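Trainee: predicted structure and sequence below. I'll ask about it afterward.
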Amino acid sequence: MAKAKIIDGKAFAATVRNRVAAAVEQLRKAYDLTPGLAVVLVGEDPASQVYVRNKAKQTVEVGMESFEHRLPPDISEVQLLTLIGGLNKDPKVHGILVQLPLPEQISEAAVLAAIDPDKDVDGFHVVNAGRLATGDADAMVPCTPLGCLMMLKEQLGELAGLKALVLGRSNIVGKPMAALLLRESCTVTLAHSKTHNLTEECRAADILIAAVGREQMVKGSWIKPGATVIDVGINRIPAPEKGEDKTRLVGDVDFDEAVEVAGAITPVPGGVGPMTIACLLRNTVTAACHQHDIDVPEM
């Protein structure tokens, strides 16, 4: 059997960003509207700083306005909520993203709840979770599941009737991913650590989404021959072959085994990750259109 096709998330993300840039230009010319994204970073977490820098850079590259707010780690919850309140009212800001994690003195739930649901481009607000669960087409969808769905549709076309298994039940990936697949008329199983006969459940799936946060958990023997595998996991493990104290990134799927069985698979890195920021930009354009009662351009 031939090895699986490698789904190039980096290349597809570049295509999505080009589509977003074209949509931004269309909105500017037709409506004098430039979508704006505000990103809030609290503290000095190195990984978060990299993420925020990349988001700001890509926002500007597609022609949107970027508003960065870098706050000290000892800021109070009241001060942060006051900033969010101001961003909610700012007509130039169409999307708001508060980079997680937050310092311990700040309630993550309170901050996410304070963001206007129509500007919640992360899709984490309970209102958007409810909209997605009930099939509302206007729901702001979390970026990682949206990116996964776009890659699946690019790879497979019509998804209706396919058996899909989502491994992991987080509010950020697992649950919204299951809701999106249901919306595409898949037959969906949402599996987790307490699922009985997990290997057999995985092996029955035409589509397998691994988002459990355990490195290389999904083995080749778990995968139905020819299935499409989307690996959301990002895990850092020791890499002694690279030298002392060196590490490398792996997914939740044992790639070397899975690539011999699956029909198509995303790598780690270079698979789902690049799509997350591309979908954040896409969501910001969508939010701007909804707020101005404009039809959303094709992206």
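Mentor: Received the coordinates, thanks. All of these numbers come straight from a predicted model, not from anything done at the bench. Residues are numbered from 1 along each chain as shown.

Trainee: what helix or strand does the residue sitting nearest the centre point of the chain sit in?
Mentor: Centroid-nearest residue in the chain, with CA atoms, centre = their mean: residue 144, separated by 1.4 Å. Assigned by DSSP states H and E, residue 144 falls within helix 143-156.

Trainee: ok, and what's touching the next helix or strand after that helix?
Mentor: Sequence-wise, the next helix or strand downstream of helix 143-156 (DSSP H and E) is strand 163-167. For strand 163-167, contacts defined as CB atoms under 8 Å, 6 or more residues apart in numbering pick out 174, 177-178, 181, 186-192, 198, 201-202, 204-212, 218, 252. The C-beta positions use only the backbone N, C-alpha and C, and glycine is treated the same way.

Trainee: what of stretch 74-82?
Mentor: Identification of contacts with stretch 74-82 by CB under 8 Å, 6+ apart yields 40, 42, 71, 98, 103, 105, 106, 107, 110, 111, 114.

Trainee: now it: buried residues?
Mentor: 75, 80, 81 (16 or more other CB atoms under 10 Å).

Trainee: just put the residues you listed in TSV and tack on secondary structure, distance to residue 55 and pLDDT.
Mentor: Formatted as TSV, the buried residues of stretch 74-82 follow (DSSP: H, G, I helix; E, B strand; the rest coil; distance: CB to CB, whole Å; pLDDT from 0 to 100):
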residue	secondary structure	distance to residue 55	pLDDT
75	coil	20	96
80	helix	18	98
81	helix	22	98
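
Trainee: returning to that earlier point: how close does the residue nearest to the centre of the chain sit to residue 166?
Mentor: Using CB to CB, to the nearest Å, we find residue 144 at a distance of 12 Å from residue 166.

Trainee: then residue 213?
Mentor: Distance from residue 213 to residue 166, by CB to CB: 13 Å.

Trainee: which of those two has more neighbours?
Mentor: The neighbour comparison of residue 213 against residue 166 (other CB atoms under 10 Å) goes to residue 166, with 32 against 14.

Trainee: any idea what the more buried one is bridged to?
Mentor: Bridge pairing for residue 166 (DSSP bridges) gives the partners residue 190, residue 209.

Trainee: retrieve the pLDDT associated with it.
Mentor: With respect to pLDDT, residue 166 scores 98.

Trainee: same question for the one 5 residues further on.
Mentor: Note on residue 171: pLDDT of 94.

Trainee: residue 263: which of the contacts of stretch 74-82 is nearest?
Mentor: residue 98 (38.1 Å; CB to CB).

Trainee: can you count the residues close to the closest one?
Mentor: With other CB under 10 Å as criterion, residue 98 counts 25.

Trainee: how close does it get to residue 21?
Mentor: From residue 98 to residue 21 the distance is 25 Å (CB to CB).

Trainee: check residue 83 too.
Mentor: The value you get for residue 83 to residue 21, if CB to CB is used, is 29 Å.

Trainee: distance between the ends of stretch 226-242?
Mentor: 33 Å (CA to CA, to the nearest Å).
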